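Peer 1: below are the sequence and a predicted model; questions follow.
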There are 2 protein chains.
Amino acid sequence: MRDDPWLTEEQQLVWRAFLRMSGQLNDTIERDLQQTGGMPHAYYLILAMLSESPTRSLRMNQLAEAVRSSQSRVSHAVARLEASGWVRRIPAPGDRRGQVAELTESGYQRLLELAPGHAEVVRSTMFDPLTPQQLENFRDICATILAAMADRGITSEYPPAPPC
Amino acid sequence: MRDDPWLTEEQQLVWRAFLRMSGQLNDTIERDLQQTGGMPHAYYLILAMLSESPTRSLRMNQLAEAVRSSQSRVSHAVARLEASGWVRRIPAPGDRRGQVAELTESGYQRLLELAPGHAEVVRSTMFDPLTPQQLENFRDICATILAAMADRGITSEYPPAPPC
């Protein structure tokens, strides 16, 4: 730790603004998905991550990593999604104890129904207010912080790069 | 909804980078506070929010709003913090059914012990990599998104502006 661990006044301002902005954004997304889809954002992310896998399926531990959650929480969510008919659990090939979560066709259709509204919420809340220059700056800032994290070994699978 | 709700390619890149950056930052903060303080970030925030109140106390509903959580989740957290001796629950003045959470002196000392390490994690992960120009741009971007949210009635109490 450095001698002076504290944030400067400007860093403190940005930190609080970032927390508020990302918190309010999360709340807005959560509320919208609950209202329009009757599911929390975490469930939507599970459907979205499964849909981006070439086999529309992921092992439970991969899925937990992909949505940044614990295995127990993901197991609970997948059981709920299975009860709705959107996901099914099947034994993992070559691993008697492992399980794979697979997106069903009706789960895929549900995702397609919800995706435009979700994209609209993200776009209107976060991106419409920004000028092209601000968007470019934002991209640069995220990339800089992510590169510094990677240098320190902080990486993750989620979210994957957008499909080409 | 507009005719085309989808994100542009650049917006999609920034959105994924933002999700990954903020997700990894949350994970880093969570891991650090669990390791050094034996508590989740949500508990740390409760102590921090109480410490910033002039009376070092908040009604349970104010506290839930301040940490962007449900009342039931906050009640559970406060009960755990009370068991550690860091918070106490007292009846709300003039409201027989209400409760106030109050930071104890030992809770305040615990917060003071953890705060420098937490600030160091935030500073080194998020701010050290940024140039002064990037920091200024970041501030401008957060302010722009927050102002647009406020125009649409999206506001919150948390986090409060930094103390003067």
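Peer 2: That came in fine, so what should we check first?

Peer 1: pretty sure A:Y108 is touching A:R56, no?
Peer 2: Yes. Using Cβ atoms under 8 Å, A:Y108 is in contact with A:R56, at 7.0 Å. Every residue, glycine included, has its C-beta placed from N, CA and C.

Peer 1: centre of the chain to the longest helix seen in chain A, how far?
Peer 2: In chain A, assigned by DSSP state H, the helix with the most residues is helix A:9-37. Taking Cα atoms, centre = their mean, to the nearest Å, the mean C-alpha location of helix A:9-37 is offset from the chain mean by 14 Å.

Peer 1: that one: which residues count as buried?
Peer 2: By neighbour count on 16 or more other Cβ atoms under 10 Å in any protein chain shown, the buried set for helix A:9-37 is A:11-22, A:24-25, A:28-30, A:32-33, A:37.

Peer 1: now the strands: where do they sit in chain A?
Peer 2: With DSSP state E as the criterion, chain A has strands at A:57-59, A:87-92, A:95-103.

Peer 1: could you single out the most deeply buried of those strands?
Peer 2: Mean neighbour count (mean count of other Cβ atoms under 10 Å in any protein chain shown) peaks for strand A:57-59 among those, with a mean of 19.

Peer 1: for that strand, packing partners?
Peer 2: Helices and strands touching strand A:57-59, by 3 or more Cβ pairs under 8 Å, 6 or more residues apart in numbering or on different chains; DSSP states H and E, are helix A:41-52, strand A:95-103.

Peer 1: about what we covered before: the longest helix of chain A versus helix B:9-37: what angle between them?
Peer 2: Calculated by axes from the mean of the first three to the mean of the last three Cα atoms, to 10 degrees, helix A:9-37 forms an angle of 110 degrees with helix B:9-37.

Peer 1: on contacts alone, who are the packing partners of helix A:9-37?
Peer 2: Counting by 3+ Cβ pairs under 8 Å, 6+ apart, the packing neighbours recorded for helix A:9-37 are helix A:41-52, helix A:105-122, helix B:132-151.

Peer 1: just name the most buried of those.
Peer 2: Mean neighbours per residue, mean count of other Cβ under 10 Å, is largest over the helices and strands packed on helix A:9-37 for helix A:41-52, with a mean of 20.

Peer 1: okay, and for chain A, where does confidence drop off?
Peer 2: Applying pLDDT under 70 to chain A flags the ranges A:1-3, A:157-164.

Peer 1: repeat the analysis, applying 80 as the threshold.
Peer 2: Low-confidence segments of chain A (pLDDT under 80): A:1-5, A:96, A:155-164.

Peer 1: let's see stretch A:131-148 as CSV, backbone CA atoms only.
Peer 2: C-alpha atoms of stretch A:131-148 as CSV (Å, rounded to 0.1, in the frame of the first residue of the first chain):
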residue,chain,number,x,y,z
THR,A,131,-21.9,12.7,-28.1
PRO,A,132,-19.8,10.6,-30.5
GLN,A,133,-16.7,12.1,-28.9
GLN,A,134,-17.9,11.1,-25.4
LEU,A,135,-18.6,7.6,-26.6
GLU,A,136,-15.1,7.3,-28.0
ASN,A,137,-13.7,8.6,-24.7
PHE,A,138,-15.8,6.1,-22.8
ARG,A,139,-14.5,3.3,-24.9
ASP,A,140,-10.9,4.5,-24.3
ILE,A,141,-11.4,4.7,-20.5
CYS,A,142,-12.9,1.2,-20.3
ALA,A,143,-10.1,-0.2,-22.4
THR,A,144,-7.4,1.5,-20.3
ILE,A,145,-8.8,0.2,-17.0
LEU,A,146,-9.4,-3.3,-18.5
ALA,A,147,-5.8,-3.4,-19.8
ALA,A,148,-4.4,-2.4,-16.4
